[in-house]
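Trainee: A structural model of the following input is requested.
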Amino acid sequence: MKKNILICITIGTIFSFNIYSQKTKLTRADKNYATYSYVDAIKTYERVAEKGYKSVDLFKKLGNSYYFISELNKAAKWYGELFAMDTINLEPEYYYRYAQSLKSIGQNDKADEKLELFNQKSAYDIRGKIFKKNTNYLEILKANSGRYMVEDAGINSKYSDYGTAIYMNKIVFASARNTGSIGQKKHKWNNQYFTNLYTADLGENMTPNVPEKFDNNVNSKFNESTPIFTSDGKTMYFTRNNYLDGKKGKDGNDITLIKIYKANLENDKWVNITELPFDGDNYSTAHPALSPDGKTLYFASDMPGTIGQSDLFKVKINDNGSFGIPENLGNKINTEGRETFPFISDENEIYYATDGHPGFGGLDIFMSKINADGTFSEVLNVGADVNSPKDDFAYLIDTKSRRGFFTSNRDGGQGYDDIYKFLETKKLISKQLLYGEISDLTTAALIPNAKSNLYDNQFNLLDTTTSDDKGNYSFMIECGKTYIVRAEKPEYTTKEQKITIVAEKEKTYLPIIIEKAKWKITVGDDLGKCFGIKMIYFDLDKSNIRTEAALDLEKILDVLNQNSTMKLDIRSHTDSRANFRYNKTLSDNRAKATISWLIKNGIDSSRLIGKGYGETHLLNKCIDCTEDEHQFNRRSEFIITAL
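Mentor: This next block holds a predicted model:
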């Protein structure tokens, strides 16, 4: 889509081109560039470039101008000229934009080279970290692809058509189509008419009929787009330029940005149009989306607190209609790039467009599950057919029929942006049953009432269950992921098994065999050794609980919960590096961290004592130790002092 930072059109100042010198031309073009009049800026910049003039600034602005109106193939050309001139002093962002542009023309290997350099030059950028973590992202994209049947929605014009919502068995969307109205304005950003809202009845298989203009109280002489409606159909939120009651607002640079507005339905007319209280003249808010219960509004913005060029936020809608304070969705969702066009399904999935996660090029559509605690699961690219090397955004799905709409400026469309309809033939997240029995190693007897915990591959607890009277346990899990199942019962040694769910089938069988503890615990025993628990390791020079250490501490926690009179002496040790005093302090901190973790998770402090012993109790006496040997000495022990 031809867009600004939030993929919606802003209003710039029109400049004439009464220019006579190359310097004057560039000055005029720079003014157009500064006010987002990219089409006019491009014309002048290209004329100057064609005459042989070269400069880093010229090629930056030419590349950016095409990038911001989403003509990425042309952006790739001018970014190529830029990199041919200067690859030392360029800001990291240009490596990222060039990589995105290269993807749009199928040069993925070269794009990955630029992304690697981007990561080196911008070590703290979330996008670089994501790329580094997903170097095999092309394989992931391939695995997620082939799940859609896509076709033209049948309502497109030769202009920009985008951003759909479903309302009363109708589709409502934005269009820049020329209606022939006297004085209908074009925008200097992209030479398109301003957008209004249109609607069309939905027929069989969600096929739209002939469009007509939406309510005239909502449509104005400036841009309207991306509406969303409450479930009762009586309230709508939509995006519009900063324009209300005939008055146009501007920021400090004389630019009219965009805001989210609210309207109510009365007597079949949309009235009481008001801007939302968290809107502002100096930043944009756009593309509202509602949670299934209608109590949370999601939106895109570059307001203060934004991580990147635009982020996704959420805000609580109170029972009296007022709003809470907007919250950034955080860096699981947002990056230093552009996040925009959120949609929340009734299955608590957030779909949105971003160029900050690895994709096919331009904006791609991604999905993440919204967990019960408000956190987000892994962000997944929805794959090809919907995503392309160009911009793909404004995704909407009916979860019952698995039909929906999205917008793209991909090749082969009718206009600037086009709306496509789709049928999802296979869900992105495929689930199956993981099941088995828990049995005794010696007798092969099935073990009832054994506790089973399900963890992901980062040791995050996902679910807990107890085996039935026949020793059976089960979990619902996702295909393509790795899990850890831990089975435990008093008087038995805890057993963990790791499994990767590859095949997409109905269920996977995983029996777990546990054995009775080889001895009965007594005062003075090390609880870790008695129950086959690994020592609690710490990183060098640190006293914080590592992820894998927390998993082992949960085993200690479980034993303490099962034995309410048990007391422990927690002894922490360091390796032999650093001086004696430092090691003593470090080990004390580690003991305190271990005790604090157990207390935080419900153990009474009177049952725990502990201290650090520094390097006074080394398990090996090597002088030139390997890192593994040093780590063997960095440990915590759990000595039973009472039962």
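Trainee: contacts, neighbours, all on C-alpha from now
Mentor: Will do.
Trainee: helices and strands around the host helix or strand of S225, which ones?
Mentor: Assessed by DSSP states H and E, S225 sits inside strand 224-229. Under the contact criterion of 3 or more Cα pairs under 8 Å, 6 or more residues apart in numbering; DSSP states H and E, strand 224-229 touches strand 161-167, strand 170-175, strand 196-201, strand 235-241, strand 285-290.
Trainee: give me that answer again for 10 Å
Mentor: Contacts defined by 3 or more Cα pairs under 10 Å, 6 or more residues apart in numbering; DSSP states H and E place strand 224-229 against strand 161-167, strand 170-175, strand 196-201, strand 235-241, strand 258-266, strand 285-290.
Trainee: Can you list the strands that it pairs with?
Mentor: strand 235-241 (antiparallel) (DSSP bridges).
Trainee: Report the mean confidence score over the strand it pairs with.
Mentor: For strand 235-241, the mean per-residue pLDDT is 95.
Trainee: In terms of pLDDT, where does N544 sit?
Mentor: 69.
Trainee: now swap in A593 and tell me
Mentor: 85.
Trainee: got it, and the one 10 residues further on?
Mentor: Reading off the per-residue confidence, I603 sits at a pLDDT of 93.
Trainee: Isn't it up against L557?
Mentor: Yes. I603 is within contact range of L557, at 7.7 Å (criterion: Cα atoms under 10 Å).
Trainee: quick one on the thing from earlier: what angle sits between the strand holding S225 and strand 170-175?
Mentor: 160 degrees (axes from the mean of the first three to the mean of the last three Cα atoms, to 10 degrees).
Trainee: what comes up buried for strand 224-229?
Mentor: Neighbour-count burial for strand 224-229, counted by 16 or more other Cα atoms under 10 Å, picks out 224-229.
Trainee: next one: that strand to chain centre, how far?
Mentor: 23 Å (Cα atoms, centre = their mean, to the nearest Å).
Trainee: residue contacts, D364?
Mentor: 339, 352-358, 381-384, 386-393, 408 (Cα atoms under 10 Å, 6 or more residues apart in numbering).
Trainee: What's the separation between it and R338?
Mentor: 10 Å (Cα to Cα, to the nearest Å).
Trainee: T274 too?
Mentor: On the measure of Cα to Cα, T274 and R338 end up 27 Å apart.
Trainee: Tabulate the buried residues of strand 224-229 in JSON lines, adding columns for pLDDT and distance to F638.
Mentor: Shown next, in JSON lines, are the buried residues of strand 224-229 (pLDDT from 0 to 100; distance: Cα to Cα, whole Å):
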{"residue": "E224", "pLDDT": "93", "distance to F638": "65"}
{"residue": "S225", "pLDDT": "94", "distance to F638": "62"}
{"residue": "T226", "pLDDT": "95", "distance to F638": "59"}
{"residue": "P227", "pLDDT": "96", "distance to F638": "60"}
{"residue": "I228", "pLDDT": "97", "distance to F638": "57"}
{"residue": "F229", "pLDDT": "97", "distance to F638": "58"}
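Trainee: about what we covered before: would you format the helices and strands packed on strand 224-229 as JSON lines with mean neighbour count included?
Mentor: Conversion of the helices and strands packed on strand 224-229 to JSON lines gives the following (neighbours: other Cα atoms under 10 Å):
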{"stretch": "strand 161-167", "mean neighbour count": "25"}
{"stretch": "strand 170-175", "mean neighbour count": "24"}
{"stretch": "strand 196-201", "mean neighbour count": "23"}
{"stretch": "strand 235-241", "mean neighbour count": "24"}
{"stretch": "strand 258-266", "mean neighbour count": "21"}
{"stretch": "strand 285-290", "mean neighbour count": "28"}
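Trainee: K129: which of those is closest?
Mentor: Closest to K129 of those, according to Cα to Cα: strand 285-290, at 27.3 Å.
Trainee: What mean pLDDT does whichever helix or strand comes after the closest one get?
Mentor: Sequence-wise, the next helix or strand downstream of strand 285-290 (DSSP H and E) is strand 296-301. The average pLDDT for strand 296-301 rounds to 97.
Trainee: Just the CA coordinates for strand 296-301, please, in CSV.
Mentor: Only the C-alpha atoms of strand 296-301 are listed here, as CSV (Å, rounded to 0.1, in the frame of the first residue of the first chain):
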residue,chain,number,x,y,z
THR,A,296,-10.4,-3.6,24.7
LEU,A,297,-9.6,-1.4,21.7
TYR,A,298,-6.4,-2.2,19.8
PHE,A,299,-4.8,0.4,17.4
ALA,A,300,-1.7,1.5,15.6
SER,A,301,0.2,4.7,16.5
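Trainee: Packing partners of the next helix or strand after that strand?
Mentor: Sequence-wise, the next helix or strand downstream of strand 296-301 (DSSP H and E) is strand 311-316. Applying 3+ Cα pairs under 10 Å, 6+ apart, one finds that strand 311-316 contacts strand 285-290, strand 296-301, strand 327-328, strand 339-344.
Trainee: Note down every partner strand of strand 311-316 and its orientation.
Mentor: strand 296-301 (antiparallel), strand 327-328 (antiparallel).
Trainee: before we move on, back to that, list the residues that contact both of I603 and L557?
Mentor: W597.
Trainee: per-domain residue ranges of the chain.
Mentor: Structural domains annotated on the chain: 22-144, 165-386, 431-514, 527-642, as defined by automatic domain parsing.
Trainee: So for the first one, mean pLDDT?
Mentor: Across domain 22-144, pLDDT averages out at 80.
Trainee: The helices and strands packed on strand 311-316 into CSV, with extra columns for distance to L527?
Mentor: Putting the helices and strands packed on strand 311-316 into CSV (distance: least, Cα to Cα, whole Å) gives the following:
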stretch, distance to L527
strand 285-290, 51
strand 296-301, 48
strand 327-328, 44
strand 339-344, 48
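Trainee: hmm, back to that, so for T274 and R338, which sits in the more crowded spot?
Mentor: For T274 versus R338, neighbours defined as other Cα atoms under 10 Å are more numerous around R338 (26 against 14).
Trainee: Which positions are bridged to that one in the beta structure?
Mentor: Bridge pairing for R338 (DSSP bridges) gives the partners S310.
Trainee: Cheers, nothing more for now.
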